[in-house]
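A.B. asks: Sharing a model prediction with you, sequence too.
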Amino acid sequence: MEDFYNPPDHFIPEIRFKAATGELTISGESFHEYSVEFYQPVFDWLRRFLSIPNQKVTMNFRMSYFNTNTSRRFLEVFDMLEEYERNNNGSVTVNWYYKAHDVDMKESGEEYMADTNLSINLIPYTL
């Protein structure tokens, strides 16, 4: 399976999914007005990738900002990962990186953890 890469640009995050290692990373800012259309190729790739059982998946989020529309897309990603872990014997690790002083971003990670049955590692970092 081919890797997926979307370079960062104004309004959109960098997305780097490595099929061979199962390391999936979304980082930067995401406030694209048409988030459904923008994230559809991401969902398509992720569905194909998650159709293979028993994989180890590490999902890394390192966002500095995202809007409400993107928040809904991220919840869809979490739902896909949760279903994969439950139904396909996959191993899913989710890392939610946030700037140590960014309380809002930390709380976003906590909210995703409360909304899913995934264990999310909340990892502060400094620049």
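C.D. replies: Structure's in. What do you need? Numbers count the residues shown, from 1 in each chain.

A.B. asks: ok, the longest strand anywhere in the chain: who's next to it in the sheet?
C.D. replies: Ranked by residue count and defined by DSSP state E, the top strand of the chain is strand 56-66. Strand pairing for strand 56-66, determined by DSSP bridges: strand 23-30 (parallel), strand 91-99 (parallel).

A.B. asks: Make TSV out of the ones you listed and add distance to residue 118 and mean pLDDT.
C.D. replies: Placement of C-beta: from N, CA and C, glycine included. Output for the strands paired with strand 56-66, formatted as TSV (distance: least, C-beta to C-beta, whole Å; pLDDT from 0 to 100):
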stretch	distance to residue 118	mean pLDDT
strand 23-30	13	98
strand 91-99	5	97
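
A.B. asks: Among the ones you listed, which comes closest to residue 6?
C.D. replies: When the strands paired with strand 56-66 are compared by C-beta to C-beta, strand 23-30 sits nearest residue 6, at 9.1 Å.

A.B. asks: List the contacts of the closest one.
C.D. replies: 8, 11-18, 46, 57-67, 70, 74, 77 (C-beta atoms under 8 Å, 6 or more residues apart in numbering).

A.B. asks: immediately after that strand, which helix or strand?
C.D. replies: Per DSSP states H and E, the first helix or strand lying C-terminal to strand 23-30 is helix 35-50.

A.B. asks: So what's the gap between the longest helix anywhere in the chain and the chain middle?
C.D. replies: Under DSSP state H, the helix in the chain containing the largest number of residues is helix 68-87. Averaging C-alpha positions (C-alpha atoms, centre = their mean, to the nearest Å) puts helix 68-87 8 Å from its chain's average.
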